[in-house]
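>>> Quick one: sequence plus predicted model below, questions after.
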Amino acid sequence: MAVVIRLKTMGTKKKIKHRLVVTDSKFPRNGRFIEEVGYWDPSKSPAIMKVKIERVQHWLKEGAKPSDTVRSILKKAGIKFGS
């Protein structure tokens, strides 16, 4: 099972909100997930972001791969990556 951390879209048209979820890469984007580890609301000014840092670090140690967008969100949250 390839585990990834990616965004799950929520909300309505032009009022999109995102949840950061840990999921199997084979599951659909808005489908089943293993754990919710944060959220991101870019529609607000400034954008609202909350990340459960200890849970994200746990999943990264377990081998989860973040998507490119999630990687940039995590860098803003202060999470360091090995490479």
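Arrived safely.
>>> so how far is residue 9 from the nearest residue to residue 41 once chain neighbours are set aside?
Computed as CB to CB, 6 or more residues apart in numbering, the closest residue to residue 41 that is not its neighbour in sequence is residue 48, at 4.2 Å. For glycine as for every other residue, the C-beta is placed from the backbone atoms N, C-alpha and C. The gap separating residue 48 from residue 9 is 15 Å, by CB to CB, to the nearest Å.
>>> Residue 45: neighbour count?
6 (other CB atoms under 10 Å).
>>> mind checking how far it is from residue 57?
In terms of CB to CB, residue 45 sits 29 Å off from residue 57.
>>> what's the answer for residue 51, then?
Taken as CB to CB, the span from residue 51 to residue 57 is 10 Å.
>>> Name the residues contacting each of these two.
residue 79 (CB atoms under 8 Å, 6 or more residues apart in numbering).
>>> my read is residue 76 is in a strand, agree?
No: if the criterion is DSSP: H, G, I helix; E, B strand; the rest coil, then residue 76 is helix and not within a strand.
>>> neighbours around it, how many?
Residue 76 - counted by other CB under 10 Å - has 11 other residues nearby.
>>> nearest residue to it other than its sequence neighbours?
Nearest to residue 76 is residue 49, by CB to CB, 6+ apart, at 6.9 Å.
>>> before we move on, what about residue 69?
Using CB to CB, 6+ apart, the closest residue to residue 69 is residue 7 (6.1 Å).
>>> Tell me where the chain is predicted with low confidence.
Under the criterion pLDDT under 70, the flagged ranges of the chain are 1, 82-83.
>>> mind listing what's buried in stretch 10-25?
Across stretch 10-25, burial judged by 16 or more other CB atoms under 10 Å covers 17, 18, 19, 20, 21, 22, 23.
>>> what's downstream of the helix or strand that contains the fourth one, the next helix or strand?
For residue 20, the element it lies in under DSSP states H and E is strand 15-24. Following the chain from strand 15-24 toward its C-terminal end, the next helix or strand by DSSP H and E is strand 35-41.
>>> isn't the residue nearest to residue 41 right next to residue 73, touching?
No: judged on CB atoms under 8 Å, residue 48 makes no contact with residue 73 at a distance of 11.6 Å.
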